[in-house]
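1. Return atomic coordinates for the entry below.
(chains A, B, C, D and E, ligands or ions: 4)
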Amino acid sequence: MTTTRTLSDASHRLTGGSRTLDFHDSRGLVSRAISRGRPGLYTSYASDSALLNTPAKRWWTLVLLVIAVAAPFLIAADLTYLLTLAVIYALGGIGLNLLTGYAGQVSLGHAFFLGLGAYTAAVLGGAPGNVTWGLQWDLALVLPAAAIVPGVIGLIVAPLATRVRGLYLAVLTLGLLIVGEQLFKIMTPITGGQGVGRGVAERTLFGVDLDATYAIGPLVIRPETSFFYLSLVLLVVLGIAARNLMRGRYGRAFAAVRDRDIAAEVMGVNLLRTKTLAFALSSAYAGVAGALFSMLIGRIAPEQWNLFLSIDFLAVIVIGGIATISGTIIGACFVVLIPRVLEELTHIIPWITVSSGGLVNVFQLQTIIFGVLIILFITLEPRGLYGLWVRVRNYFKAWPFSY
Amino acid sequence: MTALLTVDDLTLRFGGSTALDGVSFDVQPGELFAVIGPNGAGKTSTFNCISGVYRPQEGSIALDGRSLLGRAPDEVARLGVARTFQNVELFDNLSVLDNLLLGRHQKTSYSWPEAMAWLGRSRRQEIAARRSVEDLIEFLDLASVRTMPVGILPYGIRKRIELGRALAMEPRLLLLDEPVAGMNSEETEDMARFILDIRTELGTAMIMVEHDMRLVMDLADRVMVIDFGKRIALGTPEVVQRDPAVIAAYLGGASDIVTDGLTDEVAR
Amino acid sequence: LSACTQVSPDDGDSDESMEGGEMVTGAGVTSDPCPDAVNADNGCIYLGVLSDLTEGPFAALAVPITDGQRAFWAQVNADGGIGGYDIDIDTYTRDTKYQAAEHSAQYQQIAGNIAGIAQSLGTVNTESVLPDMIERSLVTVPTSWWSGYAFEDYDDGIVMETGYSYCTEALVGLDWFAEANGSPTTVQAVGYPGDYGGDSAEGVQRWADLNGVTALEAIGTGPNQVVGNQDAVVAGVLAGSPDVVVLSVGPAETAEIVGKLAASGFQGRFLGSLPTWNPALLDSPAAPALTALYNHMSPYENWDGTSASIEAMKASLNGELPSNGGYIIGWAIGYPLKAALEAAADAGDLTPQGIAAVVDGLTVDFEGMLQPHTYGGDPQANANQAVNIGAPNAEVELGIETIEQFYTGPSFDQTDYSSACAASG
Amino acid sequence: MTLAVHNIEVVYEDVMLVVKGASIRIPRDGIVALLGANGAGKTSLLRAMTGLLNVHRGKISRGHVSIDERPVDVRSAPDVVRAGISQVMEGRRVFVEFTVEENLRVGAYTRSRAGIAEKLDRVYTMFPILGDRKAQRAGYLSGGEQQMLAIGRALMAEPHYILLDEPSLGLAPQIVEQIRDLIVDIRSSGTGVLLVEQNAAMALSIADHGYVMENGKIVMDAPAQALREDDDIREFYLGTGVGAGSLRDVKHYKRRKRWLS
Amino acid sequence: MSTLLSSLATGLGQGAVYALIAVSFVIIYRATGVLNFAQPALLILGTFATSVFATQIGLPFWLAVVLGVLIIAILSVGIERVAIRPMVGRPAFSAAIVTVGLFIVLLVVAFRLFDSQPRTVGDPWQLQVFCLGGEATESFGVVGCTGGVQIYQNAVGRVLIALVVIGLLGWWLSRSKLGLAMRATSLDQETALAQGISVGRMFSISWAIGGGLAALAGALLAANGSVVQATDALFALVALPAIIIGGLDSLRGAVVGGLIVGLSMALTKTYQTTFAPWLGTNFENVVPYLLMLIVLLVRPYGIFGTREVQRV
Ligand SMILES: Nc1ncnc2c1ncn2[C@@H]1O[C@H](COP(=O)(O)OP(=O)(O)OP(=O)(O)O)[C@@H](O)[C@H]1O
Ligand SMILES: Nc1ncnc2c1ncn2[C@@H]1O[C@H](COP(=O)(O)OP(=O)(O)OP(=O)(O)O)[C@@H](O)[C@H]1O
Ligand SMILES: [Mg+2]
Ligand SMILES: [Mg+2]
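-> Ligands and ions are numbered 1, 2, ... in the order given. Predicted coordinates:
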């Protein structure tokens, strides 16, 4: 790192060198005089750029994790199912956020990559059907493959996608989705065909059958619980990986490409490579999410990897917050859980029933409220739910001094 | 001493119009070279050609004997050319720190799997990058704004951040497009100081486009004047300043601003 | 992992209890009365409904189906309920939007709280949760007429299909057609690929093979929301000019296909599957063509039926008309589950397993709306194959006049009905 | 006849108070210069006068603007333009995808179509280079050309008051000269000018009156002549104070002097 | 040959409807920079309104269409005020998701209104055809055509209406200051404001026009010789490849794109089953997107779209 040294040395001299901060010390200690009264001041760059750089964040994360792990034992099975779905949406949402939120490439084709992941998993991990293939591999092989296959396809289509920008790209990716759906429909040995569908990968991980119920001491681990854990572990690992990726040079390159691509290039960022990476990674995340998604719902048909699924994921990242990983998780919870909350709430409204008469029935009401909530959240809080949280936090931080 | 940058017979056309018409010059290592000329003369286009944003139709550009022609901007950056932009081109949503760190993109080299793991090389390189960027923040006196998003900062500060971002690239050749535009004299003086410091302390060669004649005449080693894409003068500030062609095409009556009126004390 | 011990799945089920000394109950059955119970002294049996109620492609049919079902069970309750219990289907009625994922999520949510599923719409959707339904022994009435439900290897006997399959419908319908209009020389199937059009097309093919008739290559199409118009079908049918076309599409597509083919001078006729009709077609430009060329097939009696059940159903509406024949379906599909619940109650076991146990061999009487049907046993021998042939008629309520009741033909018995016509993937 | 700003306060995002009670007056027959360091709040003040604050999540928390002693509602930018106030925004802000001529036509949006040809001609004679490029997309113009276009566009609205945010930015000395004359012309044709400038020498050479803004406050309010002679102004804005010499000799640790801070 | 001509005619008729839908997207995009995903819902509500006026109230078709268009235009303006106006100055992408929310809400409303019933709009064309070179036949109350080129009257009607309406609109936009002002608004709202352009008004006008055109397209879509259901709303999405083929911000492009899509789908429908059945059922849905991909390879901004201006 001799070059760095030169610059540092130079700027030491440039600035007169009389500084309390010693940047050559790897811990970058700050003298007491400076840090006194400023608890928020970081004492080293490593801790400043650490993932959980404040005690509050560390606590929150720990608490949330504990809750997540304990959840399946505390709530009903169907809620576990929904939580799993939320986790999967979060995973897929993170993938889309990498591409759309961070790198600014709006994609309506996410569902296609989810589908690719699902079919990869189904072919490799599923049982053969009347017309469909199935190899019944272990999930330890299936899940990585479900990331790699869509990732590679993403890599292949990226050069085409990088030619166009903005809404052109959005509709181009929609085209990918439509063409993909047609392919899915005609590749009967893989997908079972239109209106028919096929079964999904079997839940065997490292030889352990996750479809069985296990007891560890007094804890009974049911199939839905173990699948939730599998998804949760993947979310935590891949979420942290994405967060790591985004706080370093790749994250900055993504943002640069998103905001001003010519300037980014002049700064030494290779546009094609950066966008391609974004595409491939996003597709890989989508693939894993798609594989889990298929295993959760149990049967997949070619029509279901459609525009609406893609839009669900866009809603996840917009509602949660563009270009934040934690926001994506919040957004996924919103999109998946709010309909359920609405269901609970609307069922207690006395004059609204399942009947088709009257002004609206309860399901129509739920759907309408869901749509309205999406509109409200986006119009009222530009940075998504995550932004709302940041705002609340900042309000308290800056509270006594609002200049 | 061999030239660091040699530009020869550079010609750039857009459809029918010619933006650059056979411009040639060279820049010596460590030199502070200024380019001036009327609006639309082709100064920024020259920068764009050097940094790979525009592809000139004719001519050659070589850095240290290596041709820059046909190279993508990111390759040119890798070879050691950094620049600032006339219309500040910062990443508005990113903090000052991140903008500067972007300048270190080429100086970090870990792969994406390493980035995901955030162990070993990626971590070391990030911390090193951060350290050198903090030095720059100190140098450019940006500490008070370092975590602010760049978008809301006033123009003058943004220009300075842009300089910092270019410096973070540790360039061998630095292109400055109107570094003091929109600054008052105090801020201009600060910027002048930064430029001089960069030059004396880092020895970076610089090409500067500027309409502030005081800055150009005081700082530059040599000045090139272009008009309608053609080079009309090249020489030391003193010589160029008196060149009648330059006065006619560029300084015009405005040479008064330099020589008399309110600012007459400035000119010797 | 060594600490883990595998346990059998139903170890966790501990909600079985004894009621009133002899009745065993499980999930979805409570001794508390239903919400808004008719018989306040009765307990409550909760049944699930998974249907397309808001914005999915089959909402037009599914909404009246669900209305019909509610009326049916209200009637059951009004008659005193079953074995000391009222039946509630409202609490666990859920909208699936006809999406497998949504269906699956909603199913998960209600599965533990119900004794059976009174309606499960869509073959792919139902199949996505079928393994779990089998595991929980949730007896289910499907609202899709895929042939696979007749076979135990697909549904383990818990799916109580009503009427015939699309495949049977085509076989028997063509028999009728040959009888009524003279044997065709060429037949052709037009439909949505998959469990609906696919099943039907296979029936057409089998009928043609049996009767030495040419079956032209089936034409696949999609709903207008997807394909815009049915010009491809029109061109395709015109090209082969078959004597009869068996349609398994939606009502709007039916009207367009029949109308445009008539306008193009097509000389053949049409047989439409159960979902191809909607009374509103009589207002469409194609109405004359439909009236002249089209016959509707239904396993259930049409609105002009005369059976006791049709009368009871009409009574439930107090003289109003439903928006389409879905209401009849909704009413009809109530019978099997009612019979199963009654049998299970008689046997003293209203657990899902108990209900599932009575299905095999159970004969359900539809009070004339549909011919009695015995579940389990030999699928071919027990198959329902009676088709009600109808013709459009603006004078008749809901627009279909029955011209042949419960027709059965010779061909079905000659086919090998031992597995699903259109296989699932 | 005056455009006056009374004791205005501007906050961004409900918390950042950046203009702290500024008052200025622009007579219809005068040129008023507004000087101030980077970030002093000049642009924010202009935005407050032209109804562009809400675009930036800012608002006027106190004070008001009046024309001829009658308050104007400055919350709606189009109304402000209709009331005769035009602004050349900081950073050029031309419509990059429009041609030069389309840009100019948009500038005349609030005026009737009659006479638009003459107005276009006037701009083209003022800036011949724009005339040469009238069919070119504005985004491809050079920085200075875009600046000329922005000024020309503001003139198309034939305003009573024109607010210029750093019009000389990026212009060649010769053109600056021209702009200076232009501004004088504008004034004499009966349009009041507010000139926000970093090129204080230029601004003060033609202004009748000047304000200096620091940290959101107006710290000096004096006739231009007085400002030209003020030592602090000479040192910090004109660069001609004591010890001014070659920029090569400037010390980087030079203490910054600030009023009231 | 006559098959070819017939299918070209139907294709043009469909294409005219697509062109209307595409223009309705483009007009909103040109003024607001937003791709309005609620457009399909507005379209189907337009169908509903027209249908109510024509078949329930019994007004003549033309009057019903005009009233339907007006009602939806007013509705659109209302929607824009409530849901889109707060998005001024925010990323177009977020605004697009707001329109998705709108779509969800409006579609449910449409389903409720349709009440599971297919509808007709009482159009004058019904299933009637022009028969060129063939023999006019009447079978079952349907006047048809055997042999020769068969052209549905509704195809002709659709093409004429679309051309007249779009032509008038284009003429008006190019003549009035409004056209320029709308585009200025979409390019840079702040600068547009500073020129005295009321951004809000531009939003309202473009939504009114966009909504009205969608309603008109909805009415024409229902004039198909059959019936229309609420789900048919989704069909409006085929306008997306059309606007990309033509160029997102170009009216001319939208028309050309719409016609290309209509024709290509019609031709595929007629010939794919014979020539390439292995491409699968409903392959025609994919064709517009394939064409779009090809166009984008050659011209990343569509045939008539404006290239994004970028320079540093
Ligand atoms: N991408 C482009 N397309 C078309 N014309 C261009 C393009 N880039 C520059 N030009 C034209 O080339 C000429 C030179 O532009 P350039 O930006 O180099 O001028 P400049 O010398 O930097 O002027 P200024 O001092 O005003 O910044 C201008 O007239 C401009 O309109
Ligand atoms: N949108 C915004 N949100 C928050 N703060 C802002 C915003 N815009 C400006 N500011 C802050 O307001 C202060 C004044 O900015 P302003 O742009 O008005 O200064 P200025 O005097 O015009 O500076 P310059 O000479 O650089 O143009 C600055 O500190 C700036 O950071
Ligand atoms: Mg320039
Ligand atoms: Mg400013």
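2. count of residues packed around whichever residue of chain C sits closest to ligand 2?
-> Closest approach between chain C and ligand 2, counting by Cβ to the nearest ligand atom: C:E55, at 41.0 Å. All C-beta spots, glycine's among them, are computed from the backbone N, C-alpha and C. Neighbourhood size, C:E55 [other Cβ atoms under 10 Å in any protein chain shown]: 22.
3. go on, the one 3 residues further on?
-> Burial of C:F58 is recorded as 24 neighbouring residues (other Cβ under 10 Å).
4. That one: what's it in contact with?
-> Neighbouring residues of C:F58 by Cβ atoms under 8 Å, 6 or more residues apart in numbering or on different chains: C:52, C:98, C:121-122, C:275.
5. Among those residues, which one lies nearest to C:A189?
-> Using Cβ to Cβ, C:P275 comes nearest to C:A189 of the contacts of C:F58, at 14.8 Å.
6. For that closest one, which non-adjacent residue is spatially closest?
-> Counting by Cβ to Cβ, 6 or more residues apart in numbering or on different chains, C:P275 lies nearest to C:L61, which is 6.0 Å off, once chain neighbours are set aside.
7. Need the residue closest to the centroid of chain D.
-> Nearest to the geometric centre of chain D sits D:L164, at 2.0 Å (Cα atoms, centre = their mean).
8. okay but that residue is in contact with D:V196, surely?
-> Yes - using Cβ atoms under 8 Å, D:L164 is in contact with D:V196, at 6.5 Å.
9. show me what contacts E:Q153?
-> By Cβ under 8 Å, 6+ apart, the neighbours of E:Q153 are E:125-126, E:128-130.
10. so where's the longest helix in chain A?
-> Ranked by residue count, the top helix of chain A under DSSP state H comes out as helix A:271-297.
11. Apart from its chain neighbours, what residue comes closest to whichever residue of the stretch 251-400 of chain C sits closest to chain B?
-> When scored by Cβ to the nearest Cβ, the stretch 251-400 of chain C has C:P352 as its residue closest to chain B, at 46.6 Å. Nearest residue to C:P352, sequence neighbours excluded (Cβ to Cβ, 6+ apart): C:S137, at 4.4 Å.
12. Can you tell me the number of residues neighbouring the closest residue to chain C within the stretch 1-150 of chain B?
-> Chain C sits closest to B:A117 of the stretch 1-150 of chain B, with a gap of 26.1 Å, by Cβ to the nearest Cβ. B:A117 has 16 neighbours, counted by other Cβ under 10 Å.
13. any idea how far ligand 4 is from it?
-> 44 Å (Cβ to the ion, to the nearest Å).
14. Over to C:E135?
-> C:E135 is 70 Å from ligand 4, by Cβ to the ion.
15. Does anything pack onto the helix or strand where that residue lies? Which helices or strands?
-> Per DSSP states H and E, C:E135 falls inside helix C:123-136. Secondary-structure packing of helix C:123-136 (3 or more Cβ pairs under 8 Å, 6 or more residues apart in numbering or on different chains; DSSP states H and E): strand A:299-300, helix C:100-111, strand C:139-143, helix C:152-155.
16. Let's see the third one as PDB, backbone CA atoms only.
-> Coordinates of the C-alpha atoms in strand C:139-143 are reproduced here as PDB (Å, rounded to 0.1, in the frame of the first residue of the first chain):
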ATOM      1  CA  VAL C 139     -62.500 -34.200   3.000                       C
ATOM      2  CA  THR C 140     -62.800 -31.700   0.200                       C
ATOM      3  CA  VAL C 141     -65.300 -30.900  -2.500                       C
ATOM      4  CA  PRO C 142     -63.500 -29.500  -5.500                       C
ATOM      5  CA  THR C 143     -65.000 -26.900  -7.900                       C
END
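17. Give me the contacts around it.
-> The contact list for strand C:139-143, computed with Cβ under 8 Å, 6+ apart, reads C:51, C:62, C:65, C:116-123, C:126, C:133, C:149, C:158-162, C:329, C:333, C:336-337, C:340, C:352, C:355-356, C:359.
18. Surely the residue of the stretch 1-150 of chain B closest to chain C and A:A241 touch.
-> Yes - counting by Cβ under 8 Å, B:A117 does reach A:A241; the two are 7.3 Å apart.
19. one step back: got the angle between the helix holding C:E135 and helix C:100-111?
-> Computed by axes from the mean of the first three to the mean of the last three Cα atoms, to 10 degrees, the angle separating helix C:123-136 from helix C:100-111 equals 30 degrees.
20. Which of the residues in helix C:123-136 are classified as buried?
-> Judged by neighbour count using 16 or more other Cβ atoms under 10 Å in any protein chain shown, the buried positions of helix C:123-136 are C:123-130, C:132-134, C:136.
21. wait, which of those is closest to chain B?
-> C:S128 (33.6 Å).
22. For the closest one, list the residues it contacts.
-> Neighbours of C:S128 in contact, by Cβ under 8 Å, 6+ apart: A:197, A:297-300, C:100, C:103-104.
23. now it, nearest residue through space, not along the chain?
-> Nearest residue to C:S128 in three dimensions, chain neighbours excluded: A:R299, at 3.4 Å (Cβ to Cβ, 6+ apart).
24. elements contacting the top helix by length along chain C?
-> If you go by DSSP H, chain C has its longest helix at helix C:59-78. Judged by 3+ Cβ pairs under 8 Å, 6+ apart, helix C:59-78 is in contact with strand C:43-51, strand C:85-95, strand C:116-121, helix C:308-316, helix C:326-332, helix C:334-347.
25. mind checking which of the ones you listed is nearest ligand 4?
-> strand C:85-95 (55.1 Å; Cβ to the ion).
26. list the helices and strands the closest one packs on?
-> Judged by 3+ Cβ pairs under 8 Å, 6+ apart, strand C:85-95 is in contact with helix A:362-380, strand C:43-51, helix C:59-78, helix C:100-111, helix C:334-347.
27. and these, which is most packed in?
-> Among the helices and strands packed on strand C:85-95, strand C:43-51 has the highest mean neighbour count (mean count of other Cβ atoms under 10 Å in any protein chain shown), at a mean of 27.
28. any idea of the angle that one forms with strand C:116-121?
-> Calculated by the same axes, to 10 degrees, strand C:43-51 forms an angle of 10 degrees with strand C:116-121.
29. Give me the packing partners of strand C:43-51, helices and strands only.
-> Judged by 3+ Cβ pairs under 8 Å, 6+ apart, strand C:43-51 is in contact with strand C:29-30, helix C:59-78, strand C:85-95, helix C:100-111, strand C:116-121.
30. Make JSON lines from the ones you listed and add mean pLDDT to it.
-> As requested, those are exported to JSON lines (pLDDT from 0 to 100):
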{"stretch": "strand C:29-30", "mean pLDDT": "88"}
{"stretch": "helix C:59-78", "mean pLDDT": "91"}
{"stretch": "strand C:85-95", "mean pLDDT": "91"}
{"stretch": "helix C:100-111", "mean pLDDT": "87"}
{"stretch": "strand C:116-121", "mean pLDDT": "94"}
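31. how about the ones you listed, which one is nearest E:A181?
-> With Cβ to Cβ as the measure, helix C:59-78 is the member of these nearest E:A181 (42.3 Å).
32. now the angle from the closest one to helix C:308-316?
-> If you take the same axes, to 10 degrees, helix C:59-78 sits at 100 degrees to helix C:308-316.
33. from the chain's centre, how far out does helix C:59-78 sit?
-> 14 Å (Cα atoms, centre = their mean, to the nearest Å).
34. Equivalent analysis for stretch E:20-39, please.
-> Distance, stretch centre to chain centre, for stretch E:20-39: 10 Å (Cα atoms, centre = their mean).
35. Now look at the strand or helix carrying A:A118 and say if it contacts chain C.
-> With elements taken from DSSP H and E, the one containing A:A118 is helix A:110-125. No - between helix A:110-125 and chain C, judged by Cβ under 8 Å from any Cβ of the partner chain, nothing touches; the nearest distance is 9.5 Å.
36. Could you see whether chain E lies near whichever helix or strand comes after that helix?
-> Using DSSP H and E, the next helix or strand after helix A:110-125 towards the C-terminus is helix A:139-161. Yes - Helix A:139-161 is in contact with chain E by Cβ under 8 Å from any Cβ, via A:L160.
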